[in-house]
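Student: no sequence on this one, just coordinates:
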Ligand SMILES: Nc1ncnc2c1ncn2[C@@H]1O[C@H](COP(=O)(O)OP(=O)(O)OP(=O)(O)O)[C@@H](O)[C@H]1O
């Protein structure tokens, strides 16, 4: 007998997010292509890690998943419901209690003037959860869940440590018993000494509560530790999705270069070199966004975005010239240094995306 398919909690289909540039050009018409054509599904109980360089669209994507950012186009469905086709009240009902979010910096995410008790009660009050007494009980349960003593309830966020504040932020995100937790760089604002404790707490909670997670970080080691599946983003696009245990088998040149830059992760050699800066998200290159830095790129890469290729394990990537299976980092580094990936390495210059 086969076990039933896990339920898909959230599904993004061809999601685009275009922002007005914060400091636009002369007529402030510049558009930032923060997320471009993303398809992503998260099933019950799994952790999807999202990794990529600063500015590649990770946080914007996380906000789309929790319903804080409306896509410019494309759809996001939560348990089959297209959430932006609902009224605000319908959207709150569909995802408000089912998805929790933990932000990078608990110092700014928590209201400094409210005692922790009220911080934790807020989501319960907003969603009309139980009686006054039941809410008090839930506050105590939540503190216990994240390993904090009940006495913390009377303190202000400024009276506890950064690690404790992040525990409170996690407790608040779990107040309504969500099935999905989205954590955006949840340890990068914390002291190095407490980072591991917070990651362990998240792993324990995932196990104990059967949570699904979207875990966003620029730190590959952390993403790999936390995730069942790793998604690499580059300039607003997802370029590869790979089971966390198989990252050495990544086929996209960008994923390979990114992962090789973490000492000791895949091999003890020098990283695969990447030339030039990440192009501007206001003027993304034509075709494959990575081709201006890719040693394997040719004119096809400048002309068209590659279609996704997917195998039976769920490993998916978008590349016209994927790294052949079994290629070592050493071989790839040598190839990148000599520029011998393909014959023609003179990609066309970037142009405005439509
Ligand atoms: N509200 C906004 N208005 C204008 N541009 C924005 C806005 N939010 C994000 N951006 C731009 O969108 C792009 C993606 O940003 P985002 O914060 O999603 O990336 P990120 O990968 O999370 O980066 P980081 O790791 O530095 O937080 C960047 O170019 C950023 O400057």
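Tutor: Perfect, thanks for sending it. Quantities reported herein were computed from a predicted structural model and do not represent experimental measurements.

Student: count of neighbours near the nearest residue to residue 273 once chain neighbours are set aside?
Tutor: Distances taken as CB to CB, 6 or more residues apart in numbering put residue 336 closest to residue 273, at 5.4 Å, once the chain neighbours are dropped. C-beta: built from backbone N, CA, C; applies to glycine. Here the count is done by other CB atoms under 10 Å, and residue 336 has 23 residues near it.

Student: quick one: contacts for the residue of the stretch 151-300 of the chain found nearest the ligand?
Tutor: Taking CB to the nearest ligand atom, the ligand has its nearest neighbour within the stretch 151-300 of the chain at residue 281, 4.0 Å off. Shown in contact with residue 281 (CB atoms under 8 Å, 6 or more residues apart in numbering): 32, 33, 34, 55, 57, 235, 236.

Student: rerun at 6 Å
Tutor: 32, 33 (CB atoms under 6 Å, 6 or more residues apart in numbering).

Student: From here on, call the first residue 8.
Tutor: In the new count, where the first residue is 8, that last one comes out as residue 288.

Student: Assign it to helix, strand or coil.
Tutor: coil (DSSP: H, G, I helix; E, B strand; the rest coil).

Student: So which elements touch the helix or strand encompassing residue 57?
Tutor: Following DSSP states H and E, the helix or strand that holds residue 57 is strand 54-58. For strand 54-58, the elements it packs on are strand 219-224, helix 227-233, strand 236-241, judged by 3 or more CB pairs under 6 Å, 6 or more residues apart in numbering; DSSP states H and E.

Student: Show me the contact partners of that strand.
Tutor: By CB under 6 Å, 6+ apart, strand 54-58 touches 49, 65, 220-223, 227, 230, 233-239.

Student: just to revisit the earlier point, to residue 187, which of the helices and strands packed on strand 54-58 lies closest?
Tutor: strand 219-224 (4.6 Å; CB to CB).

Student: Residues of the stretch 58-207 of the chain that sit close to the ligand?
Tutor: Applying CB under 6 Å from any ligand atom, one finds that the stretch 58-207 of the chain approaches the ligand through 59, 61, 62, 63, 64, 65, 66, 67.

Student: Please narrow the residues you listed to those residing in helices.
Tutor: 65, 66, 67 (DSSP state H).

Student: Pretty sure the first one sits against residue 224.
Tutor: No - Residue 65 is not in contact with residue 224 according to CB atoms under 6 Å; the separation is 7.9 Å.

Student: Can you give me the neighbour number for residue 77?
Tutor: So residue 77, with other CB under 10 Å, has 12 neighbours.

Student: Check residue 152 too.
Tutor: So residue 152, with other CB under 10 Å, has 19 neighbours.

Student: Need the three-state assignment for the spatially most distant residue from the centre of the chain.
Tutor: Distance from the C-alpha centroid of the chain peaks at residue 140, with 36.6 Å (CA atoms, centre = their mean). With three-state DSSP as the basis, residue 140 sits in helix.

Student: picking that back up, for the ones in helices among the residues of the stretch 58-207 of the chain next to the ligand, which entry has the maximal number of neighbours?
Tutor: residue 65 (24 neighbours).

Student: any idea how this protein splits into domains?
Tutor: 15-234, 244-345 (automatic domain parsing).

Student: Where does pLDDT dip in the stretch 258-361 of the chain?
Tutor: 270-277, 347-361 (pLDDT under 70).

Student: can you map out the strands along it?
Tutor: 316-317, 323-324 (DSSP state E, counting those that start in this stretch).

Student: Torsion angles phi and psi at residue 244?
Tutor: phi -110, psi 150 (degrees, to the nearest 10).

Student: That one contacts residue 41, correct?
Tutor: No - under the criterion of CB under 6 Å, residue 244 is not in contact with residue 41, lying 10.7 Å apart.

Student: what about residue 183, neighbour count?
Tutor: Residue 183: 17 neighbours (other CB under 10 Å).

Student: surely it meets residue 104?
Tutor: Yes - using CB under 6 Å, residue 183 is in contact with residue 104, at 4.1 Å.

Student: how about the helices in the stretch 108-257 of the chain?
Tutor: 113-116, 123-133, 139-152, 169-181, 199-216, 227-233 (DSSP state H, counting those that start in this stretch).

Student: Could you dump the ones you listed into CSV with distance to residue 162 added?
Tutor: Shown next, in CSV, are those (distance: least, CB to CB, whole Å):
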stretch, distance to residue 162
helix 113-116, 14
helix 123-133, 6
helix 139-152, 11
helix 169-181, 9
helix 199-216, 17
helix 227-233, 29
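
Student: averaging pLDDT over each of the ones you listed, which comes out lowest?
Tutor: When the helices of the stretch 108-257 of the chain are ranked by mean pLDDT, helix 113-116 comes last with a mean of 85.

Student: Check which helices and strands it sits against.
Tutor: Against helix 113-116 (3+ CB pairs under 6 Å, 6+ apart) you get helix 169-181.

Student: Contacts for the helix it packs on next, please.
Tutor: By CB under 6 Å, 6+ apart, helix 169-181 touches 107-109, 113, 116, 123, 126-127, 149, 153, 155, 164, 188, 197, 201, 205.

Student: what's the neighbour count on the closest residue to residue 240 other than its chain neighbours?
Tutor: Nearest residue to residue 240, sequence neighbours excluded (CB to CB, 6+ apart): residue 59, at 3.6 Å. Using other CB under 10 Å, residue 59 has 27 neighbouring residues.
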